[in-house]
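**Q** need coordinates for the below:
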Amino acid sequence: MYNRLLVSALVFVLVVGSVPASSGTAVTARSATAQDACDFTQLYDRTMDSVVSVRVGTRGGEFGQGSGFVYRLRPNGSGLVVTNNHVVANASTVAAQFDRGEWRTARIVGTDPYSDLAVLRVRRVPSYVDALSLANGTAEPGERVAALGSPLGLQGSITEGIVSGVNRSLPSEQGFSIPNTIQTDAAINPGNSGGPLIDCNGEVVGVNTAGISGGENLGFAIPAGVVRRVAPSLVENGSYRHSYLGVASVDVSPVVARANGLNRAQGVLVANVVPGSPASGVLQGSGRTETVRGVTVPVGGDIIVGVDGRRIQSGEDLSSYLSTETRPGETVRLTVLRDGQRRTVNVTLGTRPRPSREKISH
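**A** Residues are numbered from 1 along each chain as shown. Predicted coordinates for the structure are as follows:
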């Protein structure tokens, strides 16, 4: 089972996910020697025992499949498995199958749609299974990686490739985008969602989450840094609180810049402000539109060009900063252009509400 995204024909695919070890995460060495010596046969032997197939049953009697990986082991023999939220979003029953065939009932511990991550608890983890470590560093373009999981139900599969790009914005079918994702050319197919994307040291650099429908060599993964930030909260609280500004925005493209009388195409134009949100009464949305070269664009809203002293070039920059550098309840300092004047405003961030069809981007 996989979900079709609304933008760019992206398709969410159920993939086995690797989760970081509980404590003492190993340091990731990204040396040229390690990359040159990447032995995928050895990587497979070292890591596949920690990867599981995730089988999901729904109240309608349908079944779907994805992947996951053991993120933490408990002294009592139970384990925590990381997978994708979209793999288990509609689940009434969840089961995990280990690489040597053992099936275990799994319980959903926590889910987070905004990062597309979920954590499962599995009792009686086989004795041969170890937890996978999360890489400390960030993935680098050109770095060799392998995607593990159960594509199309083919358990224990590995595909190899490189990191094609980083800081990608991945659209979801619910109207928001997941920032900072990793792009890879390692094959990611239906059933791979939730599985680990590992480096040449066998450490998890990302959680496979999506591929392109009709495209080749285009896959995406949630980076290890997001897993490290979100997963502990899912285990402890069952959810993760994301920072919320409360605006819908558009990037200041050359066309938007021209319509708004700007000298350069930079920043984020506030198209709408959600009533009652943290931004309400602080930021101003666009009040009208204009057509420039056949394109209708918003005019007159605040243009965010900086946050806490950091330059904002695009909505991806703003989403990334709010996601990785802030918490609900914190106050951020926004630098905006309003009526041609540069000014600074403070906004105390709220908690992002559950997803809806409204296209509120931040």
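
**Q** longest helix of the chain?
**A** In the chain, taking DSSP state H as the definition, the longest helix is helix 224-237.

**Q** tell me how many other residues crowd Thr326.
**A** 18 (other CB atoms under 10 Å). C-beta: built from backbone N, CA, C; applies to glycine.

**Q** that one reaches Ser243, doesn't it?
**A** Yes - assessed by CB atoms under 8 Å, Thr326 is found in contact with Ser243 at 4.4 Å.

**Q** find residues that contact each of those two.
**A** Here Thr326 and Ser243 have Leu349 as joint contacts, going by CB atoms under 8 Å, 6 or more residues apart in numbering.

**Q** re earlier: run the chain-centre distance for the longest helix of the chain.
**A** Distance, stretch centre to chain centre, for helix 224-237: 12 Å (CA atoms, centre = their mean, to the nearest Å).

**Q** one more: stretch 324-341?
**A** Remark: stretch 324-341 is offset 23 Å from the chain centroid, using CA atoms, centre = their mean.

**Q** for the remainder of this discussion, apply numbering that starts at 595.
**A** With the count now opening at 595, the last piece we talked about shows up as stretch 918-935.

**Q** contact partners of it?
**A** With CB under 8 Å, 6+ apart as the test, stretch 918-935 has contacts from 774, 819-820, 823, 835-838, 855-856, 861, 877-878, 896-903, 916, 936-946.

**Q** okay, how far is it across it, tip to tip?
**A** With CA to CA, to the nearest Å as the measure, stretch 918-935 spans 29 Å from end to end.

**Q** so which bits of it are buried?
**A** Using 16 or more other CB atoms under 10 Å as the test for burial, stretch 918-935 gives 920, 926, 928-931.

**Q** quick one, helices of this protein?
**A** For the chain, applying DSSP H gives helices covering 626-630, 634-641, 679-682, 818-831, 848-853, 909-919.

**Q** hmm, who's touching the second one?
**A** Right, helix 634-641. 612, 726, 740, 742, 752, 754, 790, 792, 794, 796.

**Q** what about the protein, any weak spots by pLDDT?
**A** Within the chain, the ranges that satisfy pLDDT under 70 run 595-630, 805-810, 950-955.

**Q** of all the contacts of helix 634-641, which two lie farthest apart?
**A** The span of those, defined through CB to CB, is set by Leu726 and Glu754 at 17.0 Å.

**Q** if I pick Asn866, what's in contact with it?
**A** Shown in contact with Asn866 (CB under 8 Å, 6+ apart): 841-842, 879-880, 954.

**Q** returning to what we had before: among the helices of the chain, which is the most enclosed?
**A** With neighbours taken as mean count of other CB atoms under 10 Å, these reach their highest mean count in helix 679-682, at a mean of 27.

**Q** so which other helices or strands are in contact with that one?
**A** When contacts are defined as 3 or more CB pairs under 8 Å, 6 or more residues apart in numbering; DSSP states H and E, helix 679-682 packs onto strand 645-651, strand 657-667, strand 697-706, strand 711-716.

**Q** for Ser827, which of these is the nearest?
**A** strand 697-706 (7.3 Å).

**Q** ok, back up a step: going by distance to Leu812, which of the contacts of helix 634-641 wins?
**A** Nearest to Leu812 among the contacts of helix 634-641: Glu754, at 15.4 Å, using CB to CB.

**Q** give me the neighbour count for that closest one.
**A** Glu754, neighbours per other CB under 10 Å, totals 16.

**Q** swap in the one 10 residues further on?
**A** A count of neighbours around Leu764, defined by other CB under 10 Å, yields 23.

**Q** that one reaches Val801, doesn't it?
**A** No - here Leu764 does not reach Val801: they are 12.0 Å apart, not a contact under CB under 8 Å.

**Q** let me see the contact set for Ile776.
**A** Here Ile776 is in contact with 733, 757, 759-760, 762, 791, 799-800, 814-817 (CB under 8 Å, 6+ apart).

**Q** in the sheet, who's paired with it?
**A** Ala815 (DSSP bridges).

**Q** tell me the buried residues in stretch 865-881?
**A** 865-868, 871-873, 876-880.

**Q** closest to Gly909 out of those residues?
**A** The shortest gap between Gly909 and any of those belongs to Ala865, at 10.5 Å (CB to CB).

**Q** got a list of what the closest residue to that closest one other than its chain neighbours touches?
**A** Of all residues not flanking Ala865 in the chain, Pro892 sits nearest, at 4.6 Å (CB to CB, 6 or more residues apart in numbering). Contact analysis of Pro892 by CB under 8 Å, 6+ apart lists 844, 850, 863, 865, 880, 882-883.

**Q** do the same with Val664
**A** Taking CB under 8 Å, 6+ apart, one finds 612-613, 644-646, 673-675, 719, 723-726 in contact with Val664.

**Q** compare the residues you listed and tell me which is most surrounded.
**A** Ser612 (37 neighbours).

**Q** related to what we said a few turns ago, quick one: buried ones out of the contacts of stretch 918-935?
**A** Judged by 16+ other CB under 10 Å, buried ones among the contacts of stretch 918-935: 774, 819-820, 836-838, 856, 861, 877-878, 896-901, 916, 939, 941, 943-944, 946.

**Q** format the helices and strands packed on helix 679-682 as TSV; extra columns: distance to Thr778.
**A** Output for these, formatted as TSV (distance: least, CB to CB, whole Å):
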stretch	distance to Thr778
strand 645-651	17
strand 657-667	15
strand 697-706	22
strand 711-716	18
